[in-house]
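Asks: Just the structure for this:
(2 chains)
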There are 2 protein chains.
Amino acid sequence: MRESSSTILRDMMAVDTKLSPLSKKVHLSMDEPSLADNLGDVDRLRRFLERELGSRVSIPLSQMQLIPYRIREGNWKVTVTVGMASSGWDVIDVEAGHTGDSLYGLAVDVGTTTVVVYLVDLATGRTVDTAAGYNGQVSYGEDILTRIYLAGEEGGVLKLRDAVLDTLNRLIDELCKRNGCAARKIAAAVFAANTTMIHLLLGLTPENICMAPYTPVVNSPGLLTAGETGLNINPAAPVCCLPGIGSYVGGDAIGGVLVSGMHQREEISLLVDIGTNGEMIMGNKDWLVACAGAAGPALEGGVAHCGMRAEPGAVDRVNISRNGSVSYNVIGGQRARGICGSGLVDCLAEMFLAGIVDRAGKFRRGDSFTVVPGAESATGHDIVVTQKDINNLMRTKGAVSSALELLLESVGCSLGDIDNFYAAGAFGHYLNLESAITIGLYPDLPRERMVRLGNSAGEGARLALISGDKLGELELIKERITYFELNANEVFMNKFVSSKFLPHTNLDYFPSVKAKMVQRGLISK
Amino acid sequence: MRESSSTILRDMMAVDTKLSPLSKKVHLSMDEPSLADNLGDVDRLRRFLERELGSRVSIPLSQMQLIPYRIREGNWKVTVTVGMASSGWDVIDVEAGHTGDSLYGLAVDVGTTTVVVYLVDLATGRTVDTAAGYNGQVSYGEDILTRIYLAGEEGGVLKLRDAVLDTLNRLIDELCKRNGCAARKIAAAVFAANTTMIHLLLGLTPENICMAPYTPVVNSPGLLTAGETGLNINPAAPVCCLPGIGSYVGGDAIGGVLVSGMHQREEISLLVDIGTNGEMIMGNKDWLVACAGAAGPALEGGVAHCGMRAEPGAVDRVNISRNGSVSYNVIGGQRARGICGSGLVDCLAEMFLAGIVDRAGKFRRGDSFTVVPGAESATGHDIVVTQKDINNLMRTKGAVSSALELLLESVGCSLGDIDNFYAAGAFGHYLNLESAITIGLYPDLPRERMVRLGNSAGEGARLALISGDKLGELELIKERITYFELNANEVFMNKFVSSKFLPHTNLDYFPSVKAKMVQRGLISK
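Replies: So this is what the prediction gives:
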């Protein structure tokens, strides 16, 4: 697999993208008023600002109230921070004198489990710091369905909104302190998340998302303000969410398309983003199709028996040698406390190739497998993978691979037509590619066509934050995508059932896995 | 004088003006979502709404949060209230089902002394009720200068803003109760006021208004929201202020121009609005000039020794017969409690013609004149006009008539060129025209050319509220007016001094008054 870490991507994008951030600073040197020209302070500022920006400017009353003081303090020189509005610009801050260019924005990836906030310098487009933490909603339920049910109760939506806002505002505070930046100086934010997470973040009920005909409250919320959302930054700062295309393909996936550039090329690409849903988007510059299979939270930390988030103490790599001895890697090099999603996928693949589980994903003997014996673990207890963990993982991979088959059929393509495969999302970044293919989660394609996009949701948010063009492109991508609703699709259900084998009922779809199975003596040639 | 009461004007305007109110209701019947069309609720509403309105619609988050409930409650029929935005429309309310057309707006005349709130039915353009009260700021100072000084103190602006907001919200509450209308159903408001009053209403410092070069904070605040201003109506309702052209010619006067239609006709018109300032605007469809003389609060209730507002108990008409006997009229027909502005002007004119005061405005004997003896009054005390009251009134009329002379000179016109004279503002409505001419406050023109505009500020606000075209016209009028700053004008000061005679140093300017003086034997032919 070509390594395409987020660092490399980020630099590549910073070069590629013309800076036109969601908010920016404008330095004005105005003529002093005189008897011959005693225009009002605000009218004067507007005149100079509109001349400078070449477009309409709107000034909220709270700024008007400060302007007479600020312009006199700065002796008719001021620095105005403006934020993009649906037409023209909104004034979001006015400072006395010329205060330099430094201005910050946030690119935010709101995951069901993890929230990542990138502090971006809007003058350079670069990420200057990152803070991550558990989504505070986790305390109300690890998995997304539990939260959707809670949201249906009286006051539930607000409870969940406050939980994720608390997390966000705590991370913002952390970033501000670490970088000596006042929260008021953060002048824009862009969110990338799945549709449900965007709903809960904005205080919108997600209750219709999981009921036919699966209608979200909104796919394109458009430009909001930080004040409306409760985000602790400049309250007038523009805030936007990467647009989603349906209840199950959210802005996070659209962000991946933007980052990959697949929507601009001749070749056919397939982007797969596995989280709570297995979302996939396929196409090229002429057409784009998408669908999603409810992957379930099998890979999210804390769902498996010994599951945990991919953080220090988590087993993230497992190897079972021919003689049955187990080796593993622990993040941070310390004693193991649990196993994370990529460790689980690795473990299932290795157990399968070692003949410990059969093609149906059932243990041949017993009902669990010890990855780390209690004597080696941080807790003193065995770290195990259970039959239930495997069953969950089988459902996930079944949903993802069925969705992919259906998508290919719907456009009359086969796997061989796919020129580029993009593994998007946090899992795409951490998963062992070979293991993901062995269990049938990813298709078995020539490895040189497979690219890891890193945190493409966060990167998509950063691009939208620093480039009005990219923000517009996202809306165009969204409009171009044809969405297949699988939840009510009978063909999908049949495929789903038949794909619950390792790696698949039809081994010819997975030639490299078949070769390994022959090599290991699991099947004859 | 042709009677042109506000009632007659209002009806005339309602016929003349095509209804395109600042806010309106739209009834939508949407297709139910299906698997083939599972667009988000908000996106669906936006699609139908934009199709209906033919322009861009923006939806605040607070409305998005309600939309999924409202559209299902109404079985995909909703009534959407939209308010005009700087581009397109903002959604300000969404109701389940089709709720009829009734929707209200406010036209508000914020005077230094009196605040008048008109409740307007936006579906018909008609005023359905009116509430008036003292401006709560009066408790901080009767006259405007006292308030400007207070505003310069720490927290002063907010104190004054809260005072007038309290008054407004009390009057709104009164109107809502009387008309069975929820405050949330009031979906727009337009303010007409002088520049200082607009500043204090919006929480803007007026401190630079009375210092050279006399720059207000803002002349055209543009479209605000009720929430920003603190007005207790639908918080998302659009709120706008009639634009002013300078520190001393405010939106109230521009409203008068709009109501008179003088900016659209060939003939030359002169509009005079006497309040705290004597504001005047002159011109026709090709040119408009304006200036203002600081009239002072002589005519405002409560400034004169026995002064009061024009309400029941106020002497509003005074007549002194040839034999010296005094007759008077009391508003409401009850016992007199004081004398209002129009009573004062009447009294000075009558005292002058009766020879009680001389041409310099000095009592020939004593230092006061009893209008109502204590035995007849409600208080048991004499109601008198003092030398100080007269001095204040002389300053007012001096400022007004000097400004007019200067304005005429600046455009090379004489009184004879004026085809229409418009008496605007509340004083213009109540003043006895002959008395105003006798003391030199109004020019001595053929009476058939003189028209009373009524409360043209409130009427201008109503027109802007119910007609986007009129709102646009106001901005154009503002742009077209050439403003003469008199505060620093030496010629004005000379004229000011020389005009402090009754009716004027040069009696030839006042032929009808001269005739009366001859008739009364004050001067020989």
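Asks: Which positions within stretch A:203-211 qualify as buried?
Replies: Going by neighbour count (16 or more other CB atoms under 10 Å in any protein chain shown), the buried part of stretch A:203-211 is A:Gly203, A:Leu204, A:Thr205, A:Pro206, A:Glu207, A:Asn208, A:Ile209, A:Cys210. C-beta coordinates here come from the backbone N, C-alpha and C atoms, glycine included.
Asks: Adding pLDDT, distance to chain B and secondary structure, write those residues out as JSON lines.
Replies: Formatted as JSON lines, these follow (pLDDT from 0 to 100; distance: CB to the nearest CB, whole Å; DSSP: H, G, I helix; E, B strand; the rest coil):
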{"residue": "A:Gly203", "pLDDT": "97", "distance to chain B": "5", "secondary structure": "coil"}
{"residue": "A:Leu204", "pLDDT": "97", "distance to chain B": "6", "secondary structure": "coil"}
{"residue": "A:Thr205", "pLDDT": "96", "distance to chain B": "6", "secondary structure": "coil"}
{"residue": "A:Pro206", "pLDDT": "95", "distance to chain B": "10", "secondary structure": "coil"}
{"residue": "A:Glu207", "pLDDT": "92", "distance to chain B": "8", "secondary structure": "coil"}
{"residue": "A:Asn208", "pLDDT": "92", "distance to chain B": "6", "secondary structure": "coil"}
{"residue": "A:Ile209", "pLDDT": "89", "distance to chain B": "10", "secondary structure": "coil"}
{"residue": "A:Cys210", "pLDDT": "84", "distance to chain B": "12", "secondary structure": "coil"}
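Asks: pLDDT on stretch A:56-69, on average?
Replies: Stretch A:56-69 shows a mean pLDDT of 96.
Asks: what comes up buried for it?
Replies: Of the residues in stretch A:56-69, those buried (16+ other CB under 10 Å) are A:Val57, A:Ser58, A:Ile59, A:Pro60, A:Leu61, A:Gln63, A:Met64, A:Gln65, A:Leu66, A:Ile67, A:Pro68.
Asks: before we move on, what about stretch A:411-421?
Replies: A:Cys413, A:Ile418, A:Asn420, A:Phe421.
Asks: Excluding covalently adjacent residues, which one is nearest to A:His429?
Replies: Nearest residue to A:His429, sequence neighbours excluded (CB to CB, 6 or more residues apart in numbering or on different chains): A:Gly454, at 5.2 Å.
Asks: picking that back up, from the buried residues of stretch A:411-421, pick the one nearest chain B.
Replies: A:Cys413 (22.7 Å; CB to the nearest CB).
Asks: now that closest one, nearest residue through space, not along the chain?
Replies: Leaving aside its chain neighbours, A:Cys413 sits nearest to A:Ile268 (6.8 Å; criterion: CB to CB, 6+ apart).
Asks: Bridged to the residue nearest to A:His429, which residues?
Replies: Per DSSP bridges, the residues bridged to A:Gly454 are A:Ala424.
Asks: how much space is there between it and chain B?
Replies: Distance, A:Gly454 to chain B, by CB to the nearest CB, to the nearest Å: 29 Å.
Asks: and that residue, how many neighbours?
Replies: By other CB atoms under 10 Å in any protein chain shown, the residues close to A:Gly454 number 24.
Asks: hang on, it packs against A:Tyr430?
Replies: No. Assessed by CB atoms under 8 Å, A:Gly454 is found out of contact with A:Tyr430, at 10.1 Å.
Asks: Quick check: residues of the stretch 51-200 of chain A near chain B?
Replies: A:56, A:58-62, A:64-65, A:67-69, A:86-88 (CB under 8 Å from any CB of the partner chain).
Asks: what do you get if the cut-off is 6 Å, keeping everything else the same?
Replies: A:Ser58, A:Leu61, A:Met64, A:Gln65, A:Pro68, A:Ser86, A:Ser87 (CB under 6 Å from any CB of the partner chain).
Asks: Identify, from the buried residues of stretch A:203-211, the entry nearest to B:Arg161.
Replies: A:Gly203 (30.5 Å; CB to CB).
Asks: what's the helix or strand for the nearest residue to that closest one once chain neighbours are set aside?
Replies: Distance criterion CB to CB, 6+ apart; nearest residue to A:Gly203, sequence neighbours excluded, is A:Arg161 at 4.5 Å. Counting by DSSP states H and E, the element that carries A:Arg161 is helix A:156-179.
Asks: Against which helices or strands is that helix packed?
Replies: Helices and strands touching helix A:156-179, by 3 or more CB pairs under 6 Å, 6 or more residues apart in numbering or on different chains; DSSP states H and E, are strand A:114-121, strand A:127-134, helix A:144-151, helix A:195-202.
Asks: would you turn the ones you listed into JSON lines with mean neighbour count?
Replies: Listed next are these as JSON lines, based on neighbours: other CB atoms under 10 Å in any protein chain shown:
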{"stretch": "strand A:114-121", "mean neighbour count": "23"}
{"stretch": "strand A:127-134", "mean neighbour count": "17"}
{"stretch": "helix A:144-151", "mean neighbour count": "20"}
{"stretch": "helix A:195-202", "mean neighbour count": "28"}
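Asks: Which of these has the lowest mean pLDDT?
Replies: Among these, helix A:144-151 scores lowest, with a mean of 89.
Asks: Please enumerate residues in contact with it?
Replies: Identification of contacts with helix A:144-151 by CB atoms under 6 Å, 6 or more residues apart in numbering or on different chains yields A:Thr112, A:Gln137, A:Tyr140, A:Gly141, A:Gly156, A:Val157, A:Leu160, A:Thr196, A:Pro206, A:Cys210, A:Thr276.
Asks: show me the residues around A:Ala424 that make contact.
Replies: Applying CB under 6 Å, 6+ apart, we find A:Ala424 in contact with A:Gly256, A:Leu271, A:Asp273, A:Leu453, A:Ser456.
Asks: cool, A:Lys495 as well?
Replies: Neighbours of A:Lys495 in contact, by CB under 6 Å, 6+ apart: A:Ser402, A:Glu405.
Asks: Three-state assignment for it, please.
Replies: At A:Lys495, secondary structure determined by DSSP: H, G, I helix; E, B strand; the rest coil is helix.
Asks: Can you report how many residues lie near A:Gln334?
Replies: A:Gln334 has 11 nearby residues by other CB under 10 Å.
Asks: What does the spatially most central residue of chain A show for phi and psi?
Replies: Centroid-nearest residue in chain A, with CA atoms, centre = their mean: A:Ala457, separated by 3.3 Å. Here is the backbone geometry of A:Ala457 (degrees, to the nearest 10): phi -70, psi -50.
Asks: Could you check how far it is from chain B?
Replies: For A:Ala457, the distance to chain B - CB to the nearest CB - is 19 Å.
Asks: just checking, that residue touches A:Gly255?
Replies: Yes. Taking contacts as CB atoms under 6 Å, A:Ala457 lies within contact range of A:Gly255: 4.8 Å.
Asks: Now do the shared contacts for those two.
Replies: A:Ala192.
Asks: All good on my end, thank you.
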